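Asker: Return a 3D structure for these sequence lines:
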Amino acid sequence: MNMSKLKSFLTVLALVFTISMIWSQEPFKAIVLINGDPFIVDLAGNGSILVRYQRVPDYFSSTTSDLAIIDQYSRQGLIAEQGLDFYREQIDSPSAATTEVMTGEQYIEFSQNRAVLNREAVDQVRAISDAFQEGRFRTVTIVSYHHDTLGSRTLAQNRSKAIADLLNTFGVPLENIIIELPYNARGSDISFVNLRFAQ
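Answerer: Model (predicted):
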C-alpha cells in the first residue's frame with residue numbers, strides 16, 4: 001500500500017470513528033432556543049432534541065454559565081414539558097431570537113406531523129433575516145432530521161422549504177441558504193429543525 005492510499009485509508013477510518021462516536025454518545029443536557037425561548041433539553045449525539053424541560057426565564061440577563069444554570073435547575077428538579085402549547089401568544093423576551101443568532105445556532109419547533117410555521121417561528125425567522133442583513137453571518141444551514149420513511153423525509157423537506165422560503169421572503173438570498181436532510185436512526189420524535197449560522 002503506497003503512502004497516498006494509506007493516508008486515504010486513515011482519513012476514512014478517522015471519519016468512521018468520529019461518526020460512530022457521535023452516534024453512540026449518551027444524551028446530554030444543554031440550553032437551546034426554541035421559538036425564541038431558552039429551554040433546558042436532552043440532546044442526542046446527533047443533535048436532535050429528545051426531551052424538553054422547563055424554560056429558563058432569566059437566561060439572557062444571567063451571567064451564569066450554561067452548565068451552572070443546568071446544574072441549578074437539576075438540583076431543584078427538572079420538569080419535562082412535553083405538553084406545552086406551541087402556539088403561545090408571544091415570546092417573553094422580544095430580543096431573544098436576535099440574541100441567540102450570535103451563538104451560531106437556533107431550533108425551530110413544529111407541531112407533530114406539521115410543516116406550518118407558527119407566529120413565533122415567523123418572528124424568529126424575521127430576526128434571523130435581520131441579523132443576516134446586518135452582516136452577522138453569511139450562510140444559514142437548515143438541518144431537518146428524518147426517519148427511514150417517505151413520509152418522514154417529505155415532512156423534513158417541507159419544513160426546511162417553509163423556513164427557506166420565509167428567509168428568502170425576508171431578504172436572505174437562496175444561494176446563502178443550505179438545506180441538509182440527515183437520516184436519524186434513533187426512534188425519537190423529530191419535531192425540531194436546527195438552524196446554524198456561519199460566516
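Asker: And for residue 112, the neighbour number?
Answerer: Per other Cβ atoms under 10 Å, the neighbour tally for residue 112 reads 9. Using the backbone N, CA and C atoms, a C-beta is placed for each residue, glycine as well.
Asker: For the closest residue to it other than its chain neighbours, give me its contacts.
Answerer: Ranked by Cβ to Cβ, 6 or more residues apart in numbering and with sequence neighbours excluded, the top spatial neighbour of residue 112 is residue 191, at 6.0 Å. Residue 191 makes contact with 49, 109, 110, 111, 112 under the criterion Cβ atoms under 8 Å, 6 or more residues apart in numbering.
Asker: which of these lies closest to residue 61?
Answerer: For those, the residue nearest residue 61 by Cβ to Cβ is residue 109; the value is 23.1 Å.
Asker: Hmm, residue 36 and that closest one touching each other?
Answerer: No. Applying Cβ atoms under 8 Å as the test, residue 109 and residue 36 come out as separate, 10.3 Å apart.
Asker: Helix or strand: which one has residue 126?
Answerer: helix 119-133 (DSSP states H and E).
Asker: related to what we said a few turns ago, how about the contacts of residue 191, which pair is most distant?
Answerer: Pairwise over those, using Cβ to Cβ, the maximum falls at 49 and 111, 14.4 Å.
Asker: Can you pick out the residue with more neighbours from these two?
Answerer: A count of neighbours by other Cβ under 10 Å puts residue 49 above the other of residue 49 and residue 111, at 23 against 12.
Asker: Next one: that one relative to residue 104, how far apart?
Answerer: Using Cβ to Cβ, to the nearest Å, one gets 17 Å for the distance from residue 49 to residue 104.
Asker: Now residue 30: which helix or strand?
Answerer: Assigned by DSSP H and E, residue 30 belongs to strand 28-34.
Asker: pLDDT (mean, whole number) over that strand?
Answerer: Mean pLDDT, strand 28-34: 81.
Asker: No further questions, thank you.
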